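Trainee: 3D, please:
(chains A and B, ligands or ions: 1)
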Amino acid sequence: MLITLEFSGGAEMLFDNKKSHEVNLPDTEKWTIGSLLLWIRDNLLRDKPELFLQDDTIRPGILVLINDADWELYGQSEYVVEAKDKISFISTLHGG
Amino acid sequence: MNSHEKLSYINEIEKLKKELKDKNDLINQLNNSLNGDEKLPKVQSLDYSLNKEAISNLNNENILRYSRQLILPEIGVKGQLRLSNTSVLIVGAGGLGCPSAIYLAAAGIGTIGVVDYDEIELSNLHRQILHTESRTGLKKSASVAASCSNLNSSVKCIPYHTVLSSKNALELINQYDIIVDATDNVATRYLLNDAAVLCQKPLVSGSALKFEGQLTVYNYQNGPCFRCLFPKPPPPETVTNCSDGGVLGVVPGIIGSLQALEVIKIAIGLPDTFKQRLLLFDGLAGSFRNIGLRPRQKNCAVCGDDPSIKELIDYEQFCGAKADDKGKNLTILEQSQRISAKEFSEILKSKEKHLLIDVRSPVELEICDLGECLNIPIGSIEKEDQLKCIENTIKDNNINKVFVVCRKGNDSQIAVKFFQEKLTSLGICFQDIRGGLYAWQKSVDQSLPLY
Ligand SMILES: [Zn+2]
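Mentor: Residues are numbered from 1 along each chain as shown, chains lettered A, B, ... in the order given. Now for the predicted structure:
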C-alpha cells in the first residue's frame, strides 16, 4: 500500500533532511497510525528515536496530521491508514 | 631597512590599528546615546494603566488617512472605529513583533503595548526591521514604539522593558483586548497561553525558524488553546532557536504580517480567523497549507471544563528550559578534559602535533575557522564512518592529542564525551576548547568574526 509521509518544522532532520517520503507498506496487515509509527521507527528513522517517539507514541511537540487534518479528529493512533493517505509530522516552531 | 626595524614598524601599525578600532567603537557608542535614547520614548512601568476613552467618530484627516481601507465594505467607518478603540499587546519586539506592530499602527489600532526585555544587537537587524543601526544597544520595546509612533502619531504606543513573567503577566494582559504571541521560546509561549485563557483574551500566535513559519489563533470563540494541542512541553533538546537554527528575515516578516491581519479581523469581528486552524508556511517550497485542528479539549488543564491550572505556574520549570532564546552554557566535562582558547593558541604556536576537530556545520566552517581541522558536524558524530575517519587520522599521523572546537563551547563538550567513550581503545586524550570560537575571539584573536 502506497502512502506519503511528510516531515516538517524540523522533524525532517531525523529523516535525512528529506521532507516528503513515498513509502510502500507491506500488505500483510491492517495499518493503524500506531503501527505505522513503529514501522517508521524501524525502517526510516536513522538515529535518536527518542526525538521522534516516546513510550511508543509521538513525542510531545510534534503534531500528527492525516490528510491535512489534526489526527485528534480521526481517533489518533487508532486511525486505519488507507492507500494514498498523506500522513504529516509537524514539529512546532518556537522561534520569532 | 633591517628586519629588526621592519618588525617594530609592523608592531607599531598593529598598535595604531587597535587604538583606531577602540576610538571608533567609542564614537559609535557616543553616537548611539546621542541619536538613539533621546528620540526613543520612555518605557512604562507595569502599573501604568491604560486610559480607554472611546472614540466615536472619525475626523477628516482620519477619513483621508484610512480611505483605502475604509471603502472596503467589510471594514467601513464602523470597522475603523472598532480598530481605533482596540488595544493590542504584542509580546516580543523581534522578527514577528516588528512587522505585526507596524501594520497595526498603519491600520489605526488604538493602542499598541510592546513587551520585550532585550536590547538591539546587530545580528537582529536582518529580520527585526523596525530597529536601526543607530539604535543598537537600545531597548527593543522602545524602538518598536518609536517606529510605530513615527508612522502614525495617533496610535498610542506603550513600551514595557521587562521579562513577561508569572508575576506580571495577568496584570498586563488584563488591560488589553487582543494578545499577540511574537515570542521566541517555549516557556513564554505556555505562560502567554495560560495567561490569555485566565484573562479570556484571544491569542494570535506566530512562530518562525529557518524557512518555515506557523500561525494560529488560540482561545478565541470557544476554540482550542495551545495546551489543548500540546498538553506536554517538548523535550528541551528538540527545540531549536533562531541563533542556532538560523532564520531568513522575510519568513517571520510574512508570519508577523499575518498576525496583524488576524488581529484586525478579530478587532472588527470578521469571520474566518485562524481559530481551530493552523497555517503552515514553507518559504523554500513556496507553499501555504491550512490545517484543521481539534476543537477545545474538555480535559485541557487550563481551558477545559475542570481545569487544574487556575493561576500561573513556574513555566521554566514546567518546560525545563529558560524563558529566552539565548543559548545555555553546558558543563559536561571535567576541567582536565578542557583547555582554554589561550592554551590552545600556545599549542598552535609551538607546532606541537595534534588533531583539531571542528564540530560545526560546513556552512559555519565557511564563515571562519581556527586553521587546519577535521570537520565532523555535531549532528553526525554518531555515524560509523565519521568515527572511523577520526580513528584513521589519529593512527596515520601518530597523534596523541585531540582538541574539539565549536561556536560557543557546548557541542564541543558533547562531542568530547562521545569520542572519549567510543574511542577509548585508542588511549587518546580528547579535550574541548572552553567557550569555543567566542572565547577565542575574546582572548586570542579579536579579528575573528562572530556570528
Ligand atoms: Zn486548552
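Trainee: For burial, what's the neighbour tally of B:E391?
Mentor: If you count neighbours by other Cβ atoms under 10 Å in any protein chain shown, B:E391 ends up with 16. Heads up, the C-betas are built off the backbone N, CA and C, glycines and all.
Trainee: And for B:S447?
Mentor: Counted with other Cβ under 10 Å, B:S447 comes out at 9.
Trainee: Check A:E50 too.
Mentor: A:E50 has 11 neighbours, counted by other Cβ under 10 Å.
Trainee: Excluding chain neighbours, what is closest to the closest residue to chain B within chain A?
Mentor: Chain B sits closest to A:G61 of chain A, with a gap of 2.7 Å, by Cβ to the nearest Cβ. Of all residues beyond its chain neighbours, the one nearest A:G61 is B:P234 (2.7 Å), with distances taken as Cβ to Cβ, 6 or more residues apart in numbering or on different chains.
Trainee: Read off the pLDDT value for that neighbour.
Mentor: At B:P234, the model reports a pLDDT of 92.
Trainee: Tell me how far it lies from B:K265.
Mentor: 29 Å (Cβ to Cβ, to the nearest Å).
Trainee: repeat for A:D68
Mentor: 22 Å.
Trainee: which of the residues in stretch A:38-57 are buried?
Mentor: For stretch A:38-57, the neighbour count (16 or more other Cβ atoms under 10 Å in any protein chain shown) marks A:39-40, A:44, A:51-53 as buried.
Trainee: what's around the residue in the stretch 51-200 of chain B positioned nearest to the ion, how many residues?
Mentor: Proximity to the ion, evaluated over the stretch 51-200 of chain B using Cβ to the ion, is greatest for B:V197 at 6.6 Å. Residues near B:V197, counting by other Cβ under 10 Å, number 23.
Trainee: now swap in B:L16 and tell me
Mentor: Counted with other Cβ under 10 Å, residues neighbouring B:L16 total 10.
Trainee: Tell me which residue is most central in chain B.
Mentor: Chain B has B:D184 as the residue nearest its centroid, 4.8 Å off, counting by Cα atoms, centre = their mean.
Trainee: Can I take it that that one is in a helix?
Mentor: No - the assignment for B:D184, made by DSSP: H, G, I helix; E, B strand; the rest coil, is coil rather than a helix.
Trainee: Would you mind naming what in the stretch 151-300 of chain B lies close to chain A?
Mentor: Within reach of chain A by Cβ under 8 Å from any Cβ of the partner chain, the stretch 151-300 of chain B has these residues: B:182-186, B:189, B:206-210, B:212-214, B:229-235, B:237-242, B:245, B:247, B:252, B:278, B:280, B:282, B:285, B:289-294.
Trainee: Buried only: go through those for me.
Mentor: Using 16+ other Cβ under 10 Å as the burial test, those include B:182-186, B:189, B:206-210, B:212-214, B:229-230, B:233-235, B:238-242, B:247, B:252, B:278, B:280, B:282, B:289, B:291, B:293-294 as buried.
Trainee: Restricted to strands, list those residues.
Mentor: Using DSSP state E, B:206-209, B:212-214, B:278, B:280, B:282, B:289, B:291 are the members of those that sit in strands.
Trainee: which pair in those spans the largest distance?
Mentor: Greatest spatial distance among those (Cβ to Cβ): B:L209 and B:I291, at 17.5 Å.
Trainee: helix, strand or coil for B:F403?
Mentor: Recorded secondary structure, B:F403: strand (three-state DSSP).
Trainee: OK, contacts around B:H354?
Mentor: By Cβ atoms under 8 Å, 6 or more residues apart in numbering or on different chains, the contact set of B:H354 is B:347, B:399, B:401-403.
Trainee: Out of those, flag the one nearest to chain A.
Mentor: Chain A lies nearest to B:V402 out of these, by Cβ to the nearest Cβ, at 22.7 Å.
Trainee: A:I62: what's it in contact with?
Mentor: Taking Cβ under 8 Å, 6+ apart, one finds A:11, A:52, A:89-92, B:234 in contact with A:I62.
Trainee: ok so, going back, test my guess that the residue nearest to the centre of chain B contacts B:V91.
Mentor: No - with contacts counted by Cβ atoms under 8 Å, B:D184 stays clear of B:V91, the gap being 10.2 Å.
Trainee: before we move on, back to that, between A:D68 and B:K265, which one's more packed in?
Mentor: B:K265 (18 against 14).
Trainee: The more buried one is in contact with B:K275, isn't it?
Mentor: No - judged on Cβ under 8 Å, B:K265 makes no contact with B:K275 at a distance of 10.0 Å.
Trainee: So which bits of chain A are right by chain B?
Mentor: Taking Cβ under 8 Å from any Cβ as the contact definition, chain A meets chain B at A:8-10, A:13, A:19, A:47, A:50-51, A:54, A:59-63, A:65, A:68-70, A:72-73, A:90-96.
Trainee: Show the model's pLDDT score for the closest residue to the ion within chain A.
Mentor: Residue nearest to the ion within chain A (Cβ to the ion): A:E72, separated by 12.2 Å. Looking at A:E72, its pLDDT stands at 95.
Trainee: what do you get for A:M13?
Mentor: Per-residue pLDDT puts A:M13 at 89.
Trainee: who's in contact with A:R46?
Mentor: A:14-16.
Trainee: and with 6 Å instead?
Mentor: Neighbouring residues of A:R46 by Cβ atoms under 6 Å, 6 or more residues apart in numbering or on different chains: there are none.
Trainee: Filter the residues of chain A next to chain B down to the buried ones, PyMOL style.
Mentor: Filtering those down to the buried ones (16+ other Cβ under 10 Å) takes a single PyMOL command:
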select buried, chain A and resi 8+9+10+13+19+51+59+61+62+63+65+70+72+90+91+92+93+94+95+96
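Trainee: So which of the residues of chain A next to chain B are in helices?
Mentor: Residues of the residues of chain A next to chain B located in helices (DSSP state H): none.
Trainee: Now, the residues of chain A next to chain B that are in strands?
Mentor: The members of those that map onto strands under DSSP E are A:8, A:54, A:62-63, A:65, A:69-70, A:90-91.
Trainee: So for stretch B:295-303, mean pLDDT?
Mentor: In the prediction, stretch B:295-303 has an average pLDDT of 97.
Trainee: Next: stretch B:168-184.
Mentor: Across stretch B:168-184, pLDDT averages out at 96.
Trainee: In this structure B:V263 contacts B:D177, no?
Mentor: No - using Cβ atoms under 6 Å as the test, B:V263 is too far from B:D177 to be in contact (9.3 Å).
Trainee: who has more neighbours, those two?
Mentor: B:V263 (28 against 18).
Trainee: Enumerate every residue touching whichever residue of the stretch 301-450 of chain B sits closest to the ion.
Mentor: As assessed by Cβ to the ion, the ion sits closest to B:C303 within the stretch 301-450 of chain B, at 3.4 Å. By Cβ under 6 Å, 6+ apart, the contact set of B:C303 is B:197, B:225.
Trainee: what about it, distance to A:L14?
Mentor: B:C303 is 31 Å from A:L14, where distance means Cβ to Cβ.
Trainee: repeat for B:A145
Mentor: According to Cβ to Cβ, B:A145 stands 41 Å off from A:L14.
Trainee: who has more neighbours, those two?
Mentor: B:A145 (29 against 20).
Trainee: wait, that one sits on B:K156?
Mentor: No - counting by Cβ under 6 Å, B:A145 sits too far from B:K156 to count as a contact (9.5 Å).
Trainee: and the nearest residue to B:K422 once chain neighbours are set aside, which of the three is it?
Mentor: Once flanking residues are discounted, B:K422 sits nearest to B:L387: 5.8 Å by Cβ to Cβ, 6+ apart. Following three-state DSSP, the label given to B:L387 is helix.
Trainee: B:P307: which of the ones in strands among the residues of chain A next to chain B is nearest?
Mentor: A:D70 (21.3 Å).
Trainee: Out of the contacts of A:I62, which two are the most distant from each other?
Mentor: Across the contacts of A:I62 (Cβ to Cβ), the longest gap, 14.1 Å, separates A:F52 and A:T92.
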